[in-house]
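Participant: mind looking at a prediction? Sequence and model below.
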There are 2 protein chains.
Amino acid sequence: MTEHADPAITPYRPRATLREVAAMAGVSMKTVSRVVNGEAGVTPQKVDAVRVAISRLDYRPNVSASALRRSSGRTAAIGTVLEDLANPFSSVLLRAVEDVANERRVLILTGSVDEDQQRERTLVRAFTERRVDGLIIAPVGEDQGYLRAEMEAGTPLVFVDRQPQGLLADCVLSDNEAGARDAVHHLADAGHRRIAYLGDLALIPTAQQRFAGYQRALLERGLAPDPAHVVHDLHTVDDAARATAALLGAADAPTALFASQNLVTIGAITALQELGLEHRVALIGFDDFPLADLLQPRVSVIAQDPAAMGRAAAELLFQRLDGDRGRSRRLLLPTTTVPRGSGEIAPEAR
Amino acid sequence: MTEHADPAITPYRPRATLREVAAMAGVSMKTVSRVVNGEAGVTPQKVDAVRVAISRLDYRPNVSASALRRSSGRTAAIGTVLEDLANPFSSVLLRAVEDVANERRVLILTGSVDEDQQRERTLVRAFTERRVDGLIIAPVGEDQGYLRAEMEAGTPLVFVDRQPQGLLADCVLSDNEAGARDAVHHLADAGHRRIAYLGDLALIPTAQQRFAGYQRALLERGLAPDPAHVVHDLHTVDDAARATAALLGAADAPTALFASQNLVTIGAITALQELGLEHRVALIGFDDFPLADLLQPRVSVIAQDPAAMGRAAAELLFQRLDGDRGRSRRLLLPTTTVPRGSGEIAPEAR
DNA sequence: GACTCCCCTGACAAGGTTGTCAGAGCGCAT
DNA sequence: ATGCGCTCTGACAACCTTGTCAGGGGAGTC
């Protein structure tokens, strides 16, 4: 660490206010307000005087004060409550929300919840205490009923990725069950009969839906579900790697794997590589991830489109902000099967 | 898309204010304020009355109004201006900032600039108009002098990833030059004499520093820099893939590649795989990326630690907010050489 | 019983802004 | 000269809070 020699420490000069601008320009505060907001009815020379004062004082309107006074009360900020900003799913979604919000000059407050119900509530409360204009939430836990008060106060809510419980509200979801079903059918098409399920925390609704899709496909194919081939509650790469290794080491090991989530897929690949089985055991992961097509074998996935989800959620939110008070909507985005190699490996004759 | 039948549309009930709580509890507004802020000097029965009213009305303090009135004027929110939230470097950094801010119950406003100087200014202005308590900025473009006014107004600024130009302020950087130098030495140690440089936009300061490190290492090794082995201005995976293919197809092709950035590394890998050269041409990338250790060969990198940068930047910022008015500091975080395979490939005898 | 002292409480103003409205100033017709 | 209508402007209140301060009331002391 190095230290710069600073120029003499300057005492802070607090930000200029409307009042000071008005004083310098020799007009009333209201006139300054008019100029700042581009309202008509100010003579050009006063406009000029105000402009000069504004730039001389480097005046910045105080948006909070303005929102406080304005009849609409809009703060031009929305809150996003996501699972984990460091996870590409969340961050890509956030970025898409940002792009839509940006067109309307709306700012974004954001935070991660990490599957922590309490944290979800804390964040929502912090956001509403700042009077955000709307909220986009990837909900966690069993009950979002506590949000009814926000809706009644006129703050639109859009849920993404997971459906809210105990509350009727707009939401944007992937078709998790259909996607999982596709994955299993795809593996079955390649000839597999022993297909394992590697699942995320069983209490997460999307994990439940994916598991339901897995079960349904087995049923449709007349394959007997084997409890020994189902593992739940894998939430990290290491969990998943360990579970995969255990599965493949057991008697009657599966010949194909369905990994129900990003990190689980990566854990499975890690284990497969360690066992040298990556070209012999088939694998399909739910949710695409960067570099999936540079691995050997390339990894087949059921792709969600987090950017599309973010965009859709933001657009829905802004429709509400624009006054749409219609019934609440549920957008189900289809998933895409992306065959790249790992999912097309045929079972070995034994 | 499906539509739910909503319960009868309820007219919005605007949020309750302090005044209403006071009226319901039969006390003055100030007393409610005291209860809300946990100030001493209210009899237990009045506290109870207020508590009851608060929960009956579902009262939420208006943080903006509160900040406006409070002497400190703190909004308990900071702004982060990052390169691209969808890029893991930015999002991991953001997440680290969030974790530090969270301990202090400070919220985060964020936005992406995409190398757009104008956007940087717009975002900073939007944030300061909301009176954020501080800013963390990954600066873009040639001049951050316009931020002097913010510093003078008492808003602490911390720069990350890149040094600000034309302004003396705290910053947290990776030691780009040393890292690049290490990479080239590492390749030279493996016996390479024709080492190519694949660089990001040449106007980005970090790219310049990495190029400087590359040049210095060649010099130290007595290797003649070959202009044909230097490519600048690669900013996407496709750019990098094309450039790599061109380099390797030319006469006197390099036997080793130094990719100066994430996406460039991935582009180089793509090209190497297409040419079937991934096991014959050495590669070291600047900046680690997920799955680098699952590729074949595993990819050697010079790792930065974006989480550490985010944490350090946030801690620096909060020190300033806690009143530290010392000289501005420059934190230079070391990079780590992570040998995984691709950087240890020996040159082929020809 | 008079007096101090302390604890609670509320009235009032202020923080930076905008909505309302009345008044000032002007041109023009009568 | 008077009246009318118009445009431009500022005084004032209000948005929701909190800081300040003075007053009311009770307990404790002499």
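Facilitator: Right, received. Where do you want to start?
Participant: what is the neighbour count of residue A:66?
Facilitator: 18 (other C-beta atoms under 10 Å in any protein chain shown). C-beta here means a position set from N, CA and C on the backbone, and glycine is covered the same way.
Participant: host element of it?
Facilitator: In this assignment (DSSP states H and E), residue A:66 forms part of helix A:63-69.
Participant: check whether that helix contacts DNA strand C.
Facilitator: Yes. Helix A:63-69 reaches DNA strand C (C-beta under 7 Å from any atom of the strand) through A:65-66, A:68-69.
Participant: so which of the residues you listed reach chain B?
Facilitator: Near chain B, judged by C-beta under 8 Å from any C-beta of the partner chain, the entries from these are A:65, A:68.
Participant: so the nearest residue to residue A:152 once chain neighbours are set aside, which of the three states?
Facilitator: Excluding the flanking residues, the one nearest residue A:152 by C-beta to C-beta, 6 or more residues apart in numbering or on different chains is residue B:13, at 5.4 Å. Secondary structure assignment for residue B:13 (DSSP: H, G, I helix; E, B strand; the rest coil): coil.
Participant: count of neighbours near residue B:13?
Facilitator: So residue B:13, with other C-beta under 10 Å, has 12 neighbours.
Participant: hang on, it packs against residue A:151?
Facilitator: No. With contact defined as C-beta atoms under 8 Å, residue B:13 does not reach residue A:151; the gap is 10.3 Å.
Participant: and the closest residue to residue A:225 other than its chain neighbours, what does it touch?
Facilitator: Distance criterion C-beta to C-beta, 6+ apart; nearest residue to residue A:225, sequence neighbours excluded, is residue A:218 at 5.2 Å. Residues in contact with residue A:218 (C-beta atoms under 8 Å, 6 or more residues apart in numbering or on different chains) are A:184, A:195, A:224-225.
Participant: quick one: which of these is nearest residue B:313?
Facilitator: Residue B:313 lies nearest to residue A:184 out of these, by C-beta to C-beta, at 45.3 Å.
Participant: residues in contact with the closest residue to that closest one other than its chain neighbours?
Facilitator: Using C-beta to C-beta, 6+ apart and skipping residues adjacent in sequence, the residue nearest residue A:184 is residue A:217, 3.5 Å away. Residue A:217 makes contact with A:180-185, A:188, according to C-beta under 8 Å, 6+ apart.
Participant: now the helices for the stretch 1-150 of chain A?
Facilitator: A:18-25, A:29-36, A:44-57, A:63-69, A:88-103, A:117-129, A:148-152 (DSSP state H, counting those that start in this stretch).
Participant: hey, which of those helices is tucked in deepest?
Facilitator: helix A:88-103 (a mean of 22; mean count of other C-beta atoms under 10 Å in any protein chain shown).
Participant: show me the domain layout of chain A.
Facilitator: Following the assignment in automatic domain parsing, chain A carries domains at A:18-61, A:77-174+A:306-334, A:176-304+A:337-344.
Participant: need those domains in CSV with distance to residue B:256, can you?
Facilitator: Listed next are the domains of chain A as CSV, based on distance: least, C-beta to C-beta, whole Å:
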stretch, distance to residue B:256
domain A:18-61, 51
domain A:77-174+A:306-334, 30
domain A:176-304+A:337-344, 19
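Participant: re earlier: element containing the residue nearest to residue A:225?
Facilitator: Going by DSSP H and E, residue A:218 is part of helix A:205-220.
Participant: buried set for that helix?
Facilitator: Neighbour-count burial for helix A:205-220 flags A:205-211, A:213-218 (criterion: 16 or more other C-beta atoms under 10 Å in any protein chain shown).
Participant: quick check: the gap between the residue in the stretch 51-200 of chain A positioned nearest to DNA strand D and residue B:329.
Facilitator: Residue nearest to DNA strand D within the stretch 51-200 of chain A: residue A:69 (3.5 Å; C-beta to the nearest atom of the strand). Computed as C-beta to C-beta, to the nearest Å, the residue A:69 to residue B:329 distance reads 40 Å.
Participant: tell me the residues of the stretch 251-350 of chain A that contact DNA strand D?
Facilitator: Checking the stretch 251-350 of chain A against DNA strand D by C-beta under 7 Å from any atom of the strand, there are no hits.
Participant: so how far is DNA strand C from residue A:319?
Facilitator: Using C-beta to the nearest atom of the strand, to the nearest Å, one obtains 23 Å as the distance from residue A:319 to DNA strand C.
Participant: now do that residue, the pLDDT please.
Facilitator: Per-residue confidence at residue A:319 stands at 97 (pLDDT).
Participant: still on that earlier bit, any idea which of the domains of chain A gets closest to residue B:313?
Facilitator: domain A:77-174+A:306-334 (15.3 Å).
Participant: so how far is that closest one off the chain centroid?
Facilitator: 8 Å (C-alpha atoms, centre = their mean, to the nearest Å).
Participant: list the contacts for the residue most central in space within chain A?
Facilitator: Using C-alpha atoms, centre = their mean, the residue of chain A that lies closest to the mean C-alpha position is residue A:90, 3.7 Å off. Residue A:90 sits next to A:82-84, A:112, A:138, A:306, B:91 when contact means C-beta under 8 Å, 6+ apart.
Participant: mind doing that once more with 10 Å?
Facilitator: A:80, A:82-84, A:110, A:112-113, A:138, A:160-161, A:306, A:310, B:85, B:91, B:95 (C-beta atoms under 10 Å, 6 or more residues apart in numbering or on different chains).
Participant: thinking again about what came up before, I'd like the contacts of residue A:218 as JSON lines, with secondary structure and pLDDT appended.
Facilitator: Formatted as JSON lines, these follow (DSSP: H, G, I helix; E, B strand; the rest coil; pLDDT from 0 to 100):
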{"residue": "A:184", "secondary structure": "helix", "pLDDT": "98"}
{"residue": "A:195", "secondary structure": "strand", "pLDDT": "97"}
{"residue": "A:224", "secondary structure": "coil", "pLDDT": "91"}
{"residue": "A:225", "secondary structure": "coil", "pLDDT": "91"}
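Participant: show me which of those residues are buried.
Facilitator: A:184, A:195.
Participant: and which of the contacts of residue A:218 is nearest to chain B?
Facilitator: residue A:195 (22.5 Å; C-beta to the nearest C-beta).
Participant: please name the nearest non-neighbouring residue to the closest one.
Facilitator: Using C-beta to C-beta, 6+ apart, the nearest residue to residue A:195 is residue A:256, at 4.6 Å.
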